[in-house]
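>>> Predicted model, plus sequence, below.
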Amino acid sequence: MAFRRSNAPAAAAQRKCATLAPMKTATIPSVRVEPELRAEVESLLSEGETVSEFVEASVRATVLRRRNQAEFIARGLHSLEDARRTGDYADADVVVNDLQRKLDVARARRRATRR
């Protein structure tokens with residue numbers, strides 16, 4: 001009779017590893033820049049910040065901005081489809097006046113909190 005090993009411990013370990021964040025990281029290619037740009041970046045670093053940290057933060061901010069931009073465009077296109085389908089369009093003057101009113105209220109609130 002052959003002895004069979006249970007795969008239960010290995011399966012449990014695999015499930016546990018699947019829930020943990022990956023340990024490996026990826027790199028972003030280095031970028032050649034003019035010495036003046038490098039000097040400007042270095043002059044803008046926060047206390048204890050490295051150029052690599054600055055570049056990583058810049059890449060993350062750009063990724064977030066582009067993701068937000070893509071989502072904004074997608075919402076706009078969806079809204080346009082809905083308007084074309086239903087024939088229900090918003091009058092531009094009404095929208096601009098509503099936005100102006102909201103801006104005026106926000107500015108007044110900000111002035112009141114500064115006093």
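Okay, I see it.
>>> how would you label S52: helix, strand or coil?
helix (DSSP: H, G, I helix; E, B strand; the rest coil).
>>> how near is it to T27?
Separation of S52 from T27 (CB to CB, to the nearest Å): 10 Å. Any C-beta I mention is one placed from the backbone N, CA and C, and that applies to glycine too.
>>> which residues does L77 contact?
Residues near L77 by CB atoms under 8 Å, 6 or more residues apart in numbering: none.
>>> The one helix or strand it maps to - what's its average pLDDT?
Assigned by DSSP states H and E, L77 belongs to helix 51-86. The average pLDDT within helix 51-86 is 97.
>>> and if you look at stretch 23-34?
Rounded mean pLDDT across stretch 23-34 is 89.
>>> Straight-line length of that stretch, end to end?
Start-to-end span of stretch 23-34 (CA to CA, to the nearest Å) is 34 Å.
>>> so how many other residues sit close to R38?
12 (other CB atoms under 10 Å).
>>> ok, it - contacts?
V51.
>>> Could you check how far it is from T27?
Taking CB to CB, one finds R38 at 19 Å from T27.
>>> hang on, the earlier thing: give me the more crowded residue out of S52 and T27.
Under the criterion of other CB under 10 Å, the comparison of S52 against T27 puts S52 first, with 10 against 5.
>>> how much space between the more buried one and D91?
51 Å.
>>> Find residues that contact each of S52 and T27.
Common neighbours of S52 and T27 (CB under 8 Å, 6+ apart) do not exist.
>>> give the contact list for V59.
V59 touches I28, counting by CB under 8 Å, 6+ apart.
>>> Equivalent analysis for the one 3 residues further on, please.
With contact taken as CB under 8 Å, 6+ apart, T62 is in contact with no other residue.
>>> Compute the distance between the residue nearest to the spatial centre of the chain and E47, please.
The residue lying closest to the centre of the chain (CA atoms, centre = their mean) is L64, at 2.2 Å. L64 is 24 Å from E47, where distance means CB to CB.
>>> on that earlier part again, could you point out which element follows the helix holding L77?
helix 92-114.
>>> for that following helix, packing partners?
The contact analysis (3 or more CB pairs under 8 Å, 6 or more residues apart in numbering; DSSP states H and E) places helix 92-114 against no helix or strand.
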